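Novice: Sequence first, predicted model second:
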Amino acid sequence: MKVCVTGLWHLGAVTAASLASVGHEVTAYDTDADVVATLAGGTPPIFEPGLEELVCRGLEAGTLRPTADPADAVRGAAVVWVTYDTPVDAEDIADVDHVLDRVRALLPLLDPGTVVLISSQVPVGSTARLETEAPAGISFAYSPENLRLGKAINVFLEPDRVVVGTRDAHGREVVGALLAPITDRVEWMGVESAEMAKHALNAFLATSVTFINEVAAVCERVGADAGDVARALKTEERIGPKAYLGPGGAFAGGTLARDVRALTAIGDAEGLVTAVLHGVWDSNTAHRGWPRRTIGALLAADAPITSPDGLTGKTVAVWGLTYKPGTDTLRRSSSVELCLDLLAAGATVRAHDPAVSALPPDLSEVTLMDDPFDAARGADALVIATEWPAYRELDAAQIPDVLGGDLVVDANGFLAAALAGDPRVRYASVGRRPA
């Protein structure tokens, strides 16, 4: 089947390369000619394990063809799969027209019978808006993306299931054939239901994260271990072992937050009471300050007179800068936010990340080190910010010897097995009193 994948950032590059790998004839289109040229040279626009190899394989086989020409991209395509990233602002409000305008530009170029399959994260009702502007004979469908940075290819090619909303029998038939080489586990529904399913899924995950972090905050005060509490919940059959109930950092990036904001905005516009969703937003926003508050409070206890906020003149080492392990993107990274907060409070920041070789201008005051132990050497505190597996492979016993102070802040307890019981450090993680 000939497929055009539009929008070649993370979701688009993975989608195009994966479809090409299962035998579809894929044109990979983007309005950014530089991104297209880079992909044509075998380099994806973003790091994702296994993606470069998959792209090169598709290029060599001729099943993947990048292009910046929209007419060439959609010519003869049975499906135009829309995978543009939906930008969000500092308040996690989505710029929906960024996606819709790019789809609108393609509509006059489509052959009758083409199915437009949207996976970009857009508010419920967006597909219907496009349908009113499309030429006769164009079908629409919506399938919420479920990719995860660092595991995107496996998630795409081996999904638990795929949710698809279609409007007519033709759309269902074509999308079913498109997905047949990947999975037969498709949850079919209406377009608006599929759009709403994405909002609901992310909002539910966000609620779970926020709930356990509120429980963890109470645990810290009363001496309970939130990890033990989470284990009790996950072994309850009505909840389950895969529940998003790991005490740790606030959810970051635009994905979960974008859908929480979308649902609260719809509720507010319709005059509905969505107190839970509003509470999720407020609680998570407050919890984002946990690392900064914890570092400041524990360092202030060391020098309450000379450094009342605990950070002035202190050196803090930060391990991990990317949004999550397995990617090189710094966009909406909670670690980057922490670095900026620490700098604003008067601290010196040294950092290490195995996927970052250069820092953007807003982090120019951060010293990027090639070795994690060099970043930590002589520092008053060490923060484990991004859970790169490489950090678990280090000899954690060296950390207390390298640090100038004794504080290790590890929100998610990533190195708890190695450090939580070490008497040479004060180990702080969400949901436990610092040891």
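Specialist: Alright, I've got the coordinates.

Novice: ok, which stretches of the stretch 51-200 of the chain are strands?
Specialist: Counting by DSSP state E, counting those that start in this stretch, one finds strands in the stretch 51-200 of the chain at the ranges 64-67, 79-82, 115-118, 139-142, 162-166, 186-189.

Novice: what residues are up against the closest residue to Asp160 other than its chain neighbours?
Specialist: Using Cβ to Cβ, 6 or more residues apart in numbering and skipping the chain neighbours, the partner closest in space to Asp160 is Arg185 (7.1 Å). The C-beta positions use only the backbone N, C-alpha and C, and glycine is treated the same way. For Arg185, the contact set (Cβ atoms under 8 Å, 6 or more residues apart in numbering) comprises Pro159, Asp160, Arg161, Val162.

Novice: Ramachandran angles for the second one?
Specialist: Note on Asp160: its backbone torsions stand at phi -60, psi -40 [degrees, to the nearest 10].

Novice: which ones are touching Ile93?
Specialist: By Cβ under 8 Å, 6+ apart, the neighbours of Ile93 are Arg261, Ala265.

Novice: and what of Pro49?
Specialist: Gly150, Lys151, Ile153, Gly326.

Novice: Please confirm that Val5 is located within a strand.
Specialist: Yes. Assessed by DSSP: H, G, I helix; E, B strand; the rest coil, Val5 belongs to a strand.

Novice: That one against Glu25, yeah?
Specialist: No. Between Val5 and Glu25 there is no contact under Cβ atoms under 8 Å: 11.3 Å.

Novice: which residues of the stretch 51-200 of the chain score low on pLDDT?
Specialist: Counting by pLDDT under 70, the stretch 51-200 of the chain contains low-confidence ranges at 87, 89-91.

Novice: Tell me where it has helices.
Specialist: Taking DSSP state H, counting those that start in this stretch, the helices of the stretch 51-200 of the chain run over residues 51-61, 70-74, 96-106, 126-131, 152-157, 169-179, 191-222.

Novice: could you redo those as CSV and give each row distance to Thr15?
Specialist: Formatted as CSV, those follow (distance: least, Cβ to Cβ, whole Å):
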stretch, distance to Thr15
helix 51-61, 11
helix 70-74, 14
helix 96-106, 15
helix 126-131, 18
helix 152-157, 7
helix 169-179, 11
helix 191-222, 16
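
Novice: Just send these back as TSV, with mean neighbour count and distance to Val36 too.
Specialist: Output for the helices of the stretch 51-200 of the chain, formatted as TSV (neighbours: other Cβ atoms under 10 Å; distance: least, Cβ to Cβ, whole Å):
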stretch	mean neighbour count	distance to Val36
helix 51-61	17	12
helix 70-74	17	10
helix 96-106	17	14
helix 126-131	18	23
helix 152-157	19	20
helix 169-179	17	22
helix 191-222	19	27
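
Novice: Compare these and give me the one nearest Ala232.
Specialist: helix 191-222 (10.9 Å; Cβ to Cβ).

Novice: angle of the helix or strand following the closest one against helix 191-222?
Specialist: Next along the chain after helix 191-222, taking DSSP states H and E as the criterion, comes helix 226-234. Comparing the axes of helix 226-234 and helix 191-222 via axes from the mean of the first three to the mean of the last three Cα atoms, to 10 degrees yields an angle of 140 degrees.

Novice: where along the stretch 251-400 of the chain do the strands fall?
Specialist: Counting by DSSP E, counting those that start in this stretch, the stretch 251-400 of the chain has these strands, from start to end: 315-319, 348-352, 367-368, 381-384.

Novice: Switch those strands over to a markdown table; also include mean neighbour count, mean pLDDT and distance to Asp32.
Specialist: Formatted as a markdown table, the strands of the stretch 251-400 of the chain follow (neighbours: other Cβ atoms under 10 Å; pLDDT from 0 to 100; distance: least, Cβ to Cβ, whole Å):
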| stretch | mean neighbour count | mean pLDDT | distance to Asp32 |
| --- | --- | --- | --- |
| strand 315-319 | 28 | 98 | 31 |
| strand 348-352 | 22 | 98 | 29 |
| strand 367-368 | 16 | 98 | 27 |
| strand 381-384 | 28 | 98 | 35 |
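
Novice: of all these, which lies closest to Ala68?
Specialist: With Cβ to Cβ as the criterion, Ala68 lies closest to strand 367-368 of the strands of the stretch 251-400 of the chain, at 33.3 Å.

Novice: Quick one: list the elements packing against that closest one.
Specialist: When contacts are defined as 3 or more Cβ pairs under 8 Å, 6 or more residues apart in numbering; DSSP states H and E, strand 367-368 sits against strand 348-352.

Novice: The strand it packs on vs strand 315-319, what angle?
Specialist: Following the same axes, to 10 degrees, one obtains 20 degrees for the angle between strand 348-352 and strand 315-319.

Novice: contacting residues for Trp281?
Specialist: Contacts for Trp281 (Cβ under 8 Å, 6+ apart) come out as Ala257, Val260, Arg261, Thr264.

Novice: cool, Val273 as well?
Specialist: If you count contacts by Cβ under 8 Å, 6+ apart, Val273 has them with Gly267.

Novice: Tell me the spacing between it and Gly279.
Specialist: 11 Å (Cβ to Cβ, to the nearest Å).

Novice: and if you look at Ala317?
Specialist: Distance, Ala317 to Gly279, using Cβ to Cβ: 34 Å.

Novice: surely Ala68 meets Asp34?
Specialist: No. Ala68 lies out of contact with Asp34 (Cβ under 8 Å); the separation is 9.1 Å.

Novice: more neighbours, these two?
Specialist: Ala68 (18 against 10; other Cβ atoms under 10 Å).

Novice: Backbone dihedrals for that one, please?
Specialist: For Ala68, the backbone dihedrals (degrees, to the nearest 10) come out as phi -110, psi 10.

Novice: residues in contact with it?
Specialist: Neighbour list for Ala68: Tyr29, Asp30, Thr31, Asp32, Ala33, Val36, Ala37 [criterion: Cβ under 8 Å, 6+ apart].

Novice: Drop anything exposed from those residues.
Specialist: Buried members of the contacts of Ala68, counted by 16 or more other Cβ atoms under 10 Å: Tyr29, Asp30, Val36.

Novice: of the residues you listed, closest to Arg433?
Specialist: Among these, Asp30 lies closest to Arg433 (Cβ to Cβ), at 50.0 Å.

Novice: Next one: the closest one from Asp362, what distance?
Specialist: 26 Å.

Novice: Could you report the pLDDT at the residue lying closest to Leu340 once chain neighbours are set aside?
Specialist: Counting by Cβ to Cβ, 6+ apart, Leu340 lies nearest to Asp362, which is 6.9 Å off, once chain neighbours are set aside. Looking at Asp362, its pLDDT stands at 92.

Novice: returning to that earlier point: which one's more surrounded, Val5 and Glu25?
Specialist: Using other Cβ under 10 Å as the criterion, Val5 and Glu25 rank with Val5 on top: 32 against 17.
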